[in-house]
Structures are given as structure tokens and as C-alpha cells.
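A.B. asks: let's see this in three dimensions:
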Amino acid sequence: MPFDEAKADRVIKFIETHCTHTKGRWAGVRFQLIDWQRELIRELFGRVKPNGLRQYRFAYLEIPKKNGKTELSAAVGLYMLCGDDENSAEVYSCAGDREQASIVFNCAKTMVEQDKTLSSRLKVIDSRKRIVYHKRNSFYAAISSEAFTKHGTSPSCVLFDELHAQPTRELWDVMTADTDAARGQQLVFVTTTAGVYDLLKICWEVREHARQVKEGTIEDPEYLPVIYAASPEDDWESEQLWKDMNPSLDVIFDLDYIRKTYRAAKQNPAMINNFLRFRLNRWVNQITRWMPMDHWDACGMTFDQDELIKRPCYGGLDLSSTTDLTAFLLVFPPKDKGERWKVVCRFYVPEENIMERARKDRVPYDLWRRSGLITATPGNRIDHAFIRRDVVNAASIYDLREVAYDPWGAVKLANELDQEDGIAMIEHRQGWKSMSPPMKQLLAMILGHEIAHADNPVLRWCADNLVVKIDPAENVKPEKDKARERIDGVVALIMALGRAVLNQDRKSVYETRGVIAL
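C.D. replies: Numbers count the residues shown, from 1 in each chain. Presented below is the predicted three-dimensional model:
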């Protein structure tokens, strides 16, 4: 597509002449576009179709916090209000709630108040969150996700701030679907940081489209993707990566700022995901990371399972209700000083829906089955008789002392194993009292690299999915309802470890750590 230098320069001149910074030490200073901002604006407004209209209808900007996306969005909104030569322009600043929707609007409002030309032509109606341009019968308004009130709009520009926080897709659909019929060059400008990975959220759908356009997987000439995001394979502790992902570094903030947040995350694993999201723009599985995955990975030592034959061990059984993952884990206490606690994993899914679940959840159940990491049980529901036989078989191979189980949905199977097969089944409820001590024990062992889990990818997936709830007394327990994916494996590990520790003479070790044994 051709490039119109004059159109690109017009927008840059408007922003750098009439727009100002609004916060901190830059407040009141004329906007000077940073290199990456200038490149985005030039491409967005300078690339035109053969008829002279803008090529791009959608622009997707995903970038870490503090890089200047909010004020850039406000400046674009003001240009679209009074610089785009659009009669009866309707510019909307959209977000998940009223407070978030007001952030970009308030930046635009301050820019208007700080520039004589804009303040003489535009009227700010603060009570209605509107900026009005009477000369062209145009307005700029802030709206939130109460989408049912927004039908009938004819937006010339839609600014979506922090799209990852949109609770539903309704506002997106109302503001973008079939709204460009009356507008020759409507613009939808999305600015967001990474969020929590959720296939059902509109942001993930929009983001995946942008990523595929950027990578050339799909062709969409009306879509401009600008993404600064680290991948899971990148070394999150690399200062070069920090620089690459933060294009406003040394202009808005310096490297010491990132170093400070990095040190805080290293000292508190719960802050790691915030660092990944806000500093590296990496999508995560949970907001509050409880399990430090770098330490988890350091516990991936392999071992010969044959050496565990007839060794004492303790089991944990998390039985799924119907179609999901079932986990049966064994924990082997160390025989000698310095030996790691060893974990043997067994996972099960129903055979008939394994391919459907792999496609739907984008989790490689089928690959894990072929690799022997998951067992497919007959039928389309978890086969309790199959699980029972496997537990009995494990008891014949190892010295299985006890099996802890979540009583929900497993009472009948537990009674059969206990009363008919002679395996000591111990009910392990999922409340604070039962779960907090072994969870703290597990965390202490992971941080101390005292466990060997053989780098099992299914167990790692469960551990990375773990979301916890913390009460005022700092007790913890898994919060299954808020986990984005399955956590059954790590729950079974917690239960098995709790029983193993209870039966081991490790009192002095846990007293020194301040961990209460069960």
C-alpha cells in the first residue's frame, strides 16, 4: 500500500504541538514522541489505500506498563476528535470499569486544559466525562462495560484501554461490530498490557489475531499489530530482554527501576508474575504466583524408579468427577541424609474424549498419552475401577503406607480400597487446617531443592496453574475455582507429602523453618 508522508506528518505535528504530558516530572511538558511511538503513528496514519483513505482500521498495541501507551492513546483520541476532518466525530474511550475508562479520558482532558488552542475550541464537561467540539458537532466520551446502554453509537474512533480487563466481550462487540458502515476510515486503537491467559476473554481472541497477523500466519491488511512481549522461552532475568521489551527505557524510566522490581520479585515468589506481566508483558496463568517455577524446575532431577521398589511411600489421590484429569501421586521419603524426596506421578483421562479435550483446552493430552505420561481409561468418564486396580498394583510394587484422598466424589472408591483391598485410605479435606501445613512444607522443600519430581511436564503444568487463597493468618489453600487450568496433580502431591511428613521424624527440620507439621 502507498505511504502518504503528509498525512503521517500532520498527526505527528498535532501531537507534538498541542498535546502535553500529564503526570510526574513530565507534567505540562510538550509531547515529544519516542522513536517507537513515532514509528507507530507514522505507519498507522501514513499508510493509505489507493483511494487515499487510511489502510488500518485496527491497531493493537501490547506493551509493558510505564512505556507511555496511555498518554499516546489520549493524544490519538484528541487528534481523531478535532484533527481528522471528520464531521460529527464520535470518539470513545472504553475500558472494563468506569475508573479505568476515565484514565485515558483524564489524560486527554488535562492535555486540553494545558493547551491554549485546544482549550479555546473544545469544551470539557467533566460531570459527563465528555469533551465536545461544537464546530464539527463532535465529542469524545469515556464509557465502561455497561454495554447494554451503548447500542446506536456510530464511533469514528474507539480507544480500548487495558483490553485484558474487559469482563465480557459485549462492549467490544457493540463498539466494533458493523459500526464502520457510516465511517470511511474508522479507527479502533487497542492499548493493553498482558493479562491472565484465558481463552474465553475477548482480549486473548484479539491478541491472538494480532499475533498471527504479525507473524504472517494470517493476512489482514486492515490490522496493525505492535507487540512488545517476552515469550515463555526467554530468560526473564536477562537485562537485555528487559531493554528489548521496554522501548521507552531511558526516556520515561531507567534500568534501575526495573532492577528494583526484579529484586523484589526474587525475594517474594508471589510477585514474579507481576514482574512478568508489567515489566516483560508476558501472559501468565495466574495473577498471584505461589509456586516459584524456577525453583520448581531446579527440582527436576531424574531417578531410577526400580530403586524405589518396596520402599515406604505415601500416596495422594485427587479423583476428578467425570471427564477431567485424575492424579495419583506417590511420595518417597529419603532413606539417607542428603537424599531428595522422590515423587512418582500417575495421571488419567477418559479415552473417548482425550482428542476433543486436547483441541478444546489446547493442552497436549494426546501427546502426553503417547509419551506414557497420562493413561487413558476406558470410556468417556473416569473409570474408578481402573484407578482402583492401579492403586492396588502400586501397593504390590511399593510399600504403600497410606493414601490421602479428597473425599469429594471419592468416598465409594476409598471405602473399596480401604475395606476390600486393605490399603489405608486417609480422608484429607481441602480446607485451611488440612491444606496449609503441607502446602507450606512443599514450598519450603521446593525452595530448598529437597524434592526430585523427574521434570514431569504434566505435574509442572499443574504446579504452574496453582492459584492460592491466603487468609489473614497467612494460612494457604488451593483455590480451584480460580485456577485457569487443572491443578489436580499438585493437589495430590500436597496431600501425599502431608502424610509422608507426618509419619517421618523430621520435627526439628520443620521447627527451624517455622512450619507446623500436620
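
A.B. asks: next, the buried residues of the helix or strand harbouring residue 13.
C.D. replies: Assigned by DSSP states H and E, residue 13 belongs to helix 5-18. For helix 5-18, the buried set under the neighbour-count rule, 16 or more other CB atoms under 10 Å, comprises 8, 10, 11, 12, 14, 15, 18. C-beta: built from backbone N, CA, C; applies to glycine.

A.B. asks: skipping its backbone neighbours, what lies nearest the fourth one in space?
C.D. replies: Spelled out, that is residue 12. Excluding the flanking residues, the one nearest residue 12 by CB to CB, 6 or more residues apart in numbering is residue 41, at 5.9 Å.

A.B. asks: and the one you found, what's its pLDDT?
C.D. replies: At residue 41, the pLDDT value in this model is 97.

A.B. asks: residues near the closest residue to residue 16 other than its chain neighbours, how many?
C.D. replies: Distances taken as CB to CB, 6+ apart place residue 31 nearest to residue 16, at 5.6 Å, with adjacent residues excluded. Neighbour count for residue 31, taken as other CB atoms under 10 Å: 23.

A.B. asks: cool, residue 460 as well?
C.D. replies: With other CB under 10 Å as criterion, residue 460 counts 18.

A.B. asks: now it, what's its secondary structure?
C.D. replies: helix (DSSP: H, G, I helix; E, B strand; the rest coil).

A.B. asks: now it: closest residue in space that isn't a chain neighbour?
C.D. replies: The nearest residue in space to residue 460 (CB to CB, 6+ apart) is residue 296, at 6.7 Å.

A.B. asks: which strand or helix spans that neighbour?
C.D. replies: helix 293-298.

A.B. asks: so for that helix, what gets flagged as buried?
C.D. replies: 293, 295, 296.

A.B. asks: what are the phi and psi angles of the spatially closest residue to residue 341 that is not a sequence neighbour?
C.D. replies: Spatially, and ignoring its direct neighbours in sequence, residue 341 is nearest to residue 451 (4.9 Å; CB to CB, 6+ apart). Phi and psi for residue 451, reported as degrees, to the nearest 10, are phi -120, psi 150.

A.B. asks: what about residue 451, how many residues close to it?
C.D. replies: Residues near residue 451, counting by other CB under 10 Å: 21.

A.B. asks: what's it in contact with, if anything?
C.D. replies: By CB atoms under 8 Å, 6 or more residues apart in numbering, residue 451 lies in contact with 299, 340, 341, 342, 343, 442, 445.

A.B. asks: what sits against the closest residue to the fifth one other than its chain neighbours?
C.D. replies: This means residue 343. Nearest residue to residue 343 in three dimensions, chain neighbours excluded: residue 453, at 4.4 Å (CB to CB, 6+ apart). Going by CB under 8 Å, 6+ apart, residue 453 touches 296, 299, 300, 343, 345, 459, 460, 493.

A.B. asks: hang on, the last one in a strand?
C.D. replies: When you say that, I think you mean residue 493. No: under three-state DSSP, residue 493 falls outside any strand and is assigned helix.

A.B. asks: which one is it nearest to, not counting chain neighbours?
C.D. replies: residue 329 (5.0 Å).

A.B. asks: and the one you found, bridged to which residues?
C.D. replies: Counting by DSSP bridges, residue 329 is bridged to residue 316, residue 345.

A.B. asks: neighbours of residue 68, how many?
C.D. replies: 23.

A.B. asks: how is the protein partitioned into domains?
C.D. replies: Split into domains by automatic domain parsing, the chain comes to 5-227, 296-513.

A.B. asks: check those for me: which has the lowest mean pLDDT.
C.D. replies: domain 296-513 (a mean of 87).

A.B. asks: any idea how far the residue nearest the centre of the chain lies from residue 248?
C.D. replies: Closest residue to the average C-alpha location of the chain: residue 196 at 2.1 Å, with CA atoms, centre = their mean. Distance of residue 196 to residue 248, computed by CB to CB, to the nearest Å: 24 Å.

A.B. asks: which residues touch residue 32?
C.D. replies: Taking CB under 8 Å, 6+ apart as the contact definition, residue 32 lies against residue 16.

A.B. asks: returning to that earlier point: distance to residue 419 for the buried residues of helix 293-298 - can I get that in a markdown table?
C.D. replies: A markdown table is the format used below for the buried residues of helix 293-298 (distance: CB to CB, whole Å):
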| residue | distance to residue 419 |
| --- | --- |
| 293 | 40 |
| 295 | 40 |
| 296 | 37 |
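
A.B. asks: for these, which one is nearest residue 70?
C.D. replies: residue 293 (30.6 Å; CB to CB).

A.B. asks: count the residues that sit near the closest residue to that closest one other than its chain neighbours.
C.D. replies: Nearest residue to residue 293, sequence neighbours excluded (CB to CB, 6+ apart): residue 464, at 5.8 Å. Applying other CB under 10 Å, we find 19 residues neighbouring residue 464.

A.B. asks: surely residue 464 forms part of a helix?
C.D. replies: Yes: Residue 464 forms part of a helix when assessed by three-state DSSP.
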